[in-house]
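1. Curious how this folds, go ahead:
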Amino acid sequence: MKRSRTLFLAIVGLAIVIVGVALALRATNRQQPLVVTSKGPIQVRILTALPVEPWVRAAAERFNKQGTRLEGQPIQVEVIAMDGLTALGKFDRNEFAALEGGDANTPTAEQKQALERFPTAWIPDSRYLPELANAAYKERLGRDVFLTDGEYRIRPLVLSLSSWGIYQSRADVLSQKFGDINWKAIHDAATAKGGWRDLGGQDGWGFFKLVVPDPRKNVGGLTAMISAAGEYFDRPNITTEDISNPDFQKWMGELLGATTDLSGASAYTAEDFALFGYSAGDGGLLLESDLLNNMQGIKNRWGEPLVIRYPKYVTWFDFPMSIWIGPETNALQKNAALEFEKFLLSSETQKEAINYGLRPASPDIAVTGAANSPFAQWQEQGVAAVVPRTSAMRSPDRDVLQTLLRWFELNVAK
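-> As a prediction, this is how the structure comes out:
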């Protein structure tokens with residue numbers, strides 16, 4: 001009986017202590033405001049295609065300065081410039097160290113360290129690139145990493161397209177000789193034995209020199225070859241059988257033989273065009289935004305502007321925000337990437353894109369409406385506010401890309 005009474009008193013005493021501690025904590029909390037303690041910043045790392053990197057980086061700086069928060073934590077966007085083909089290659093080789101199998105639930109300390117630099121999102125040149133990456137990861141991991149629907153779907157941010165940029169004096173001669181400026185005309189100019197003299201130009205111009213980006217360093221180089229193939233076969237879809245066609249390979253080899261040094265070209269072909277002028281080339285198929293960004297510099301440095309023309313089969317670039325949805329990034333990072341996506345799609349930021357020679361994804365914003373719009377400034381040189389009715393080239397599959405690159409490496413990049 002005595003033992004039971006002692007146990008009872010001990011339990012009562014413990015209860016009194018617990019109640020006392022609870023009351024003390026409650027009193028303490030009354031004296032302090034209820035606030036969410038910041039744990040941030042939430043790091044959002046975005047691989048960004050070279051043509052839109054200046055626009056995205058400037059937007060990220062404004063976004064970071066305005067102090068956007070998510071669940072009380074500040075968002076910090078980091079922009080990492082990377083060509084789309086380079087990024088695709090890194091995803092294909094899993095150089096970003098995506099988690100596989102059971103590692104997705106219990107990553108090692110080394111894997112956790114690697115994940116600290118894992119990209120939260122990717123803004124490639126075109127949507128077919130993340131779709132190709134997703135197909136490879138789905139086969140390897142059994143799960144999607146980039147989505148085509150839902151909240152985190154691949155979503156276009158701005159647009160541009162491949163277009164001809166040719167020095168005015170050279171374009172006048174080509175138009176007089178061939179009429180329309182297209183791949184057939186460029187091929188015939190490239191193979192003229194007497195060079196510009198046979199075309200009706202000046203002897204001092206030498207031979208026709210074509211400007212095309214190196215396809216190993218710039219998506220634009222591959223799309224230029226795909227565009228040429230489209231005109232050669234007169235259709236918007238190209239297969240590996242087309243690329244392997246001996247007659248086409250001979251024709252393409254003659255065409256690329258007109259380049260000054262394609263294998264040694266940099267990824268920034270339009271900048272090289274502006275810096276080195278006629279020695280770099282007479283004209284070429286380049287990204288419209290790159291040409292617009294360099295139009296004034298080319299005119300100032302070389303005394304004549306470029307003429308812009310659009311090919312029959314146009315290759316569009318939609319620069320989509322592609323948010324990684326795997327366990328390598330947490331929910332806060334994914335949602336923070338969505339916040340930055342909203343910022344890029346805002347009316348103000350879309351209008352800013354025009355100053356970079358980019359076409360807004362929003363159809364409500366006219367490219368000629370912005371102050372100092374390059375689309376308005378260079379209309380007389382052929383820049384179209386609304387692109388003429390042309391056929392859009394279909395996105396190439398992985399086999400076509402690899403076949404083109406392999407052919408280039410064996411026949412051009414020697």
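
2. Just give me the neighbour total for residue 52.
-> By other CB atoms under 10 Å, 25 other residues sit near residue 52. Placement of C-beta: from N, CA and C, glycine included.

3. hang on, it packs against residue 122?
-> No - contact criterion CB atoms under 8 Å: residue 52 and residue 122 do not qualify, at 11.8 Å.

4. And the strands in the stretch 101-250 of the chain, which stretches?
-> Per DSSP state E, counting those that start in this stretch, the stretch 101-250 of the chain carries strands over the ranges 121-123, 155-156, 158-167, 210-211.

5. Could you list every helix and strand in contact with the second one?
-> It refers to strand 155-156. Under the contact criterion of 3 or more CB pairs under 8 Å, 6 or more residues apart in numbering; DSSP states H and E, strand 155-156 touches strand 320-323.

6. Can you work out which other helices and strands pack against whichever helix or strand comes after the strand it packs on?
-> Downstream of strand 320-323, the first helix or strand assigned by DSSP states H and E is helix 331-344. With contacts taken as 3+ CB pairs under 8 Å, 6+ apart, helix 331-344 sits against strand 42-48, helix 53-65, strand 69-70, strand 73-81, strand 320-323.

7. After helix 331-344, which helix or strand is next? Please name it.
-> Counting by DSSP H and E, what follows helix 331-344 is helix 347-354.

8. CA-only coordinates of that following helix in CSV, if you can.
-> In CSV, the C-alpha atoms belonging to helix 347-354 read as follows (Å, rounded to 0.1, in the frame of the first residue of the first chain):
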residue,chain,number,x,y,z
SER,A,347,4.8,41.7,-69.9
GLU,A,348,7.8,43.8,-68.9
THR,A,349,10.4,41.1,-69.3
GLN,A,350,8.9,39.9,-72.6
LYS,A,351,9.1,43.5,-74.0
GLU,A,352,12.8,43.6,-72.8
ALA,A,353,13.4,40.5,-75.0
ILE,A,354,12.7,42.6,-78.1
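
9. what about the closest residue to residue 210 other than its chain neighbours, how many neighbours?
-> Of all residues not flanking residue 210 in the chain, residue 258 sits nearest, at 4.2 Å (CB to CB, 6 or more residues apart in numbering). By the measure other CB under 10 Å, the count of residues near residue 258 is 22.

10. repeat for residue 285
-> Here the number of neighbours of residue 285 (other CB under 10 Å) works out to 27.

11. again with residue 54
-> Neighbours around residue 54, by other CB under 10 Å: 17.

12. So it is in contact with residue 356, correct?
-> Yes - at 6.0 Å, residue 54 counts as touching residue 356 under the criterion of CB under 8 Å.

13. Poorly predicted segments of the stretch 201-350 of the chain, please.
-> Per-residue confidence for the stretch 201-350 of the chain (pLDDT under 70) gives these ranges: 261-268.
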